[in-house]
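Novice: Here is my input, please return the structure:
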Amino acid sequence: MHLSAYLAICSSFLILSGCANHAQVNQTYEKALIEKHCGEKFFEDNLNKIKNNNDVIYTGLNTGLLAKNCGKFETSNTLFDAAEESYKYDVDLENVGKKGAKLVATTLINDTIVDYEGSLYERIMVNSYKALNFMNLGNFKDARVEFNRALLRQEKAKDYFAKQIERDKKELEEQSKEAKKDENFDKNFKEGKKVIEAEYSHLFAEFDTAKRFTNPYATYLASVFFFMDQDYKRARDLFREVAIINPKDKEIQKESKIFNNFAKSTKAKGKYIFVVYENGFGAVKEEFSLTLPVWLVEGSNVVATSIALQTLKRRDASYPYLEANGTKTAQVVDLDNIIATEFKINMPSMITKALVQTALKTTLNAAVANNDKTGGFLSLGTSTLTALTTQADVRSWRGLPKSVSVAMIENKGAISIKNPEGAEIHKADLDKNKNVLVFVRSFSPLLPTHIEIIEN
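Specialist: Below is the predicted model:
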């Protein structure tokens with residue numbers, strides 16, 4: 001690619017993107033969630049961003065969860081709907097031309113200059129949270145639709161990544177042709193990949209990743225919904241998947257027996273309280289930089305160049321468990337591990353793209369330096385542009401929990417929830433003739449606990 005064309009493309013995309021500071025926007029969303037900014041203006045401003053097609057998925061996910069925690073369930077679903085529609089039309093069904101243009105832009109510059117496309121675990125949680133919103137509104141018919149969508153996404157996830165990785169490989173191979181014109185590309189790629197993978201080996205020691213993607217939290221929520229909706233066989237079949245993953249957990253196995261009893265016999269009696277506790281803040285993406293050696297001419301002229309990559313950062317937990325009427329909640333899923341599994345599956349594609357970006361920019365900067373007849377002005381411009389475009393995409397859904405634990409207890413007409421120190425954080429009378437879902441969200445022991453109670 002001719003230098004002037006490269007500069008024009010980069011400059012145009014930087015102007016259009018407004019050089020957004022995504023790390024700062026992440027903090028804005030997180031602060032709004034923690035401090036519960038429930039004023040109408042906040043939601044109006046973000047709905048206007050969506051109407052203007054301004055990073056719809058990123059905006060919809062983060063603002064939609066805040067609306068849910070504010071008890072604005074209809075507003076929440078409006079925001080989640082916008083994110084889901086963007087998944088369908090801007091991501092899943094995006095036309096070949098648009099995908100190609102986007103890949104060119106992200107390969108030449110970085111992923112931060114295009115709209116956020118989200119992660120698969122986030123897509124599954126969108127439908128799960130929409131379903132909970134409908135349950136809060138007493139609309140079990142639409143809640144069923146959303147849980148079915150979440151389960152369908154869950155099922156498709158089992159073979160999604162293999163196909164996606166193959167597509168990414170072919171597309172990146174096409175886009176890396178320009179970089180491969182440099183005779184040292186293969187050598188630089190091999191050496192750079194070795195350094196990067198060594199860094200990531202430490203990261204994954206912190207997580208328990210799986211070879212295949214699955215999210216038992218979505219399955220658990222769906223099983224509770226179908227139980228409350230008196231579809232006991234469907235509830236039993238779904239819960240069986242959760243029980244298989246947690247074979248030694250006494251609470252999960254106890255719940256499995258109850259689900260099984262209701263599925264097998266019409267004479268099974270009793271109403272139950274399901275406590276679902278979302279704990280702390282889940283892992284998020286952060287940027288880290290590495291300095292890599294790059295060979296410009298075979299056997300000589302080694303220069304140092306900076307590469308920006310994503311890493312995962314664990315965040316703080318809240319209470320390790322809660323007690324509901326004396327029964328401890330049992331962990332059903334560590335969402336940090338779900339996030340790390342998807343991150344690890346996508347990692348080879350991410351590394352390849354980052355190395356191609358680095359090769360193109362380093363080669364072009366060297367070409368400018370060798371042929372600059374402007375007294376260094378052009379060299380300074382390309383170096384500045386390279387610095388601006390060497391960024392990792394750190395956008396994510398900031399409010400998802402670190403882990404989820406659950407308990408199922410007989411409904412005797414009241415609920416008392418205590419923290420591990422024995423302090424009561426919530427108490428309520430319930431209709432003992434109904435099944436009840438008590439949804440508990442705690443970001444930190446120092447912050448107020450959010451409670452939703454759904455009876456049916």
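Novice: For the protein, which segments are assigned as strands?
Specialist: 272-279, 284-297, 300-313, 323-324, 327-328, 330-334, 403-410, 414-418, 424-429, 436-442, 450-455 (DSSP state E).
Novice: quick one: low-confidence ranges for the stretch 351-456 of the chain?
Specialist: 359-390 (pLDDT under 70).
Novice: ah, wrong one, I meant the stretch 1-150 of the chain
Specialist: Scanning the stretch 1-150 of the chain for pLDDT under 70 picks out 1-20, 88-115.
Novice: Go ahead and name everything in contact with stretch 193-208.
Specialist: By C-beta atoms under 8 Å, 6 or more residues apart in numbering, the surrounding residues in contact with stretch 193-208 are 283, 288, 290, 292, 307, 309, 311-312, 314, 334, 336-337, 340-341, 344, 347, 351, 354-355. Glycine gets a C-beta too; all of them are placed from N, C-alpha and C.
Novice: Mean neighbour count and distance to N246 added to the strands of the chain, as a markdown table?
Specialist: Formatted as a markdown table, those follow (neighbours: other C-beta atoms under 10 Å; distance: least, C-beta to C-beta, whole Å):
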| stretch | mean neighbour count | distance to N246 |
| --- | --- | --- |
| strand 272-279 | 23 | 15 |
| strand 284-297 | 16 | 26 |
| strand 300-313 | 16 | 24 |
| strand 323-324 | 21 | 18 |
| strand 327-328 | 16 | 14 |
| strand 330-334 | 20 | 7 |
| strand 403-410 | 21 | 10 |
| strand 414-418 | 17 | 22 |
| strand 424-429 | 12 | 25 |
| strand 436-442 | 22 | 19 |
| strand 450-455 | 18 | 24 |
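Novice: Can I get those in TSV including distance to D237?
Specialist: Formatted as TSV, the strands of the chain follow (distance: least, C-beta to C-beta, whole Å):
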stretch	distance to D237
strand 272-279	17
strand 284-297	34
strand 300-313	33
strand 323-324	25
strand 327-328	25
strand 330-334	17
strand 403-410	17
strand 414-418	28
strand 424-429	31
strand 436-442	19
strand 450-455	22
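Novice: closest one to A143 among those?
Specialist: Comparison of the strands of the chain against A143 by C-beta to C-beta identifies strand 450-455 as nearest, at 9.5 Å.
Novice: distance between the closest one and the chain's centre?
Specialist: 24 Å (C-alpha atoms, centre = their mean, to the nearest Å).
Novice: Tell me which strands that strand pairs with, and in which orientation.
Specialist: strand 436-442 (antiparallel) (DSSP bridges).
Novice: distance of E251 from A324?
Specialist: The spacing between E251 and A324, counted by C-beta to C-beta, to the nearest Å, is 11 Å.
Novice: list residues touching both of those two?
Specialist: A407.
Novice: what sits against L322?
Specialist: By C-beta under 8 Å, 6+ apart, the residues touching L322 are V275, Y277, K328, T329, S405, A407, I417, K418, N419, P420, I425, V440.
Novice: do the same with T63
Specialist: Y29, F42, F43, N46, L47, L79.
Novice: Ok, G280 next?
Specialist: G280 makes contact with R315, D316, A317, S318, P401, K402, S403, S442, F443, S444, according to C-beta under 8 Å, 6+ apart.
Novice: now, among those residues, which is nearest to G413?
Specialist: If you rank the contacts of G280 by distance to G413 using C-beta to C-beta, S442 comes first, at 24.6 Å.
Novice: which non-adjacent residue is nearest E241?
Specialist: T219 (5.2 Å; C-beta to C-beta, 6 or more residues apart in numbering).
Novice: thinking again about what came up before, of the strands of the chain, which is nearest G71?
Specialist: The minimum distance between G71 and the strands of the chain falls on strand 450-455, with 8.0 Å, by C-beta to C-beta.
Novice: The closest one versus strand 272-279: what angle between them?
Specialist: Per axes from the mean of the first three to the mean of the last three C-alpha atoms, to 10 degrees, the angle that strand 450-455 makes with strand 272-279 is 160 degrees.
Novice: How many neighbouring residues does S444 have?
Specialist: Close neighbours of S444, defined as other C-beta atoms under 10 Å, add up to 15.
Novice: Actually, N337.
Specialist: Residues lying near N337 (other C-beta under 10 Å) number 15.
Novice: That one and A324: what is the separation?
Specialist: The gap separating N337 from A324 is 25 Å, by C-beta to C-beta.
Novice: Kindly report the same for G64.
Specialist: Counting by C-beta to C-beta, the gap from G64 to A324 is 27 Å.
Novice: try D336
Specialist: Distance check for D336 against A324: by C-beta to C-beta, it reads 24 Å.
Novice: same thing with E287?
Specialist: Distance of E287 to A324, given as C-beta to C-beta: 40 Å.
Novice: Helices of the stretch 1-150 of the chain, start to end?
Specialist: In the stretch 1-150 of the chain, the segments counted as helices under DSSP state H, counting those that start in this stretch are 3-17, 22-34, 40-51, 56-69, 73-86, 96-108, 120-136, 140-175.
Novice: tell me the angle of the second one relative to helix 40-51?
Specialist: Computed by the same axes, to 10 degrees, the angle separating helix 22-34 from helix 40-51 equals 140 degrees.
Novice: what distance separates helix 22-34 from the centre of its chain?
Specialist: Centre to centre, stretch against its chain (C-alpha atoms, centre = their mean), the figure for helix 22-34 is 15 Å.
Novice: Could you pull out the buried residues of that helix?
Specialist: Residues of helix 22-34 classed as buried by neighbour count (16 or more other C-beta atoms under 10 Å): H22, V25, N26, Y29, E30, A32, L33, I34.
Novice: Quick check, D316 in contact with L446.
Specialist: No: with contact defined as C-beta atoms under 8 Å, D316 does not reach L446; the gap is 10.1 Å.
Novice: who's more crowded, those two?
Specialist: Neighbours were counted for D316 and for L446 using other C-beta under 10 Å; D316 has more, 11 against 7.
Novice: List the contacts of stretch 69-78.
Specialist: Residues from elsewhere that reach stretch 69-78, judged by C-beta under 8 Å, 6+ apart: 33, 36, 38, 43, 47, 64-65, 67-68, 129-130, 133-134, 136-137, 399, 441, 450, 452.
Novice: Of the residues you listed, grab the buried ones for ChimeraX.
Specialist: A single ChimeraX command selects the buried members of the contacts of stretch 69-78 (16+ other C-beta under 10 Å):
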select :33,43,47,64,65,67,68,129,130,133,134,136,399,441,450,452
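Novice: on that earlier part again, now tabulate the contacts of G280 in JSON lines and tack on distance to Y121.
Specialist: Listed next are the contacts of G280 as JSON lines, based on distance: C-beta to C-beta, whole Å:
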{"residue": "R315", "distance to Y121": "16"}
{"residue": "D316", "distance to Y121": "20"}
{"residue": "A317", "distance to Y121": "19"}
{"residue": "S318", "distance to Y121": "20"}
{"residue": "P401", "distance to Y121": "12"}
{"residue": "K402", "distance to Y121": "13"}
{"residue": "S403", "distance to Y121": "14"}
{"residue": "S442", "distance to Y121": "21"}
{"residue": "F443", "distance to Y121": "19"}
{"residue": "S444", "distance to Y121": "22"}
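Novice: W397 against N62, yeah?
Specialist: Yes: using C-beta under 8 Å, W397 makes contact with N62 at a distance of 6.3 Å.
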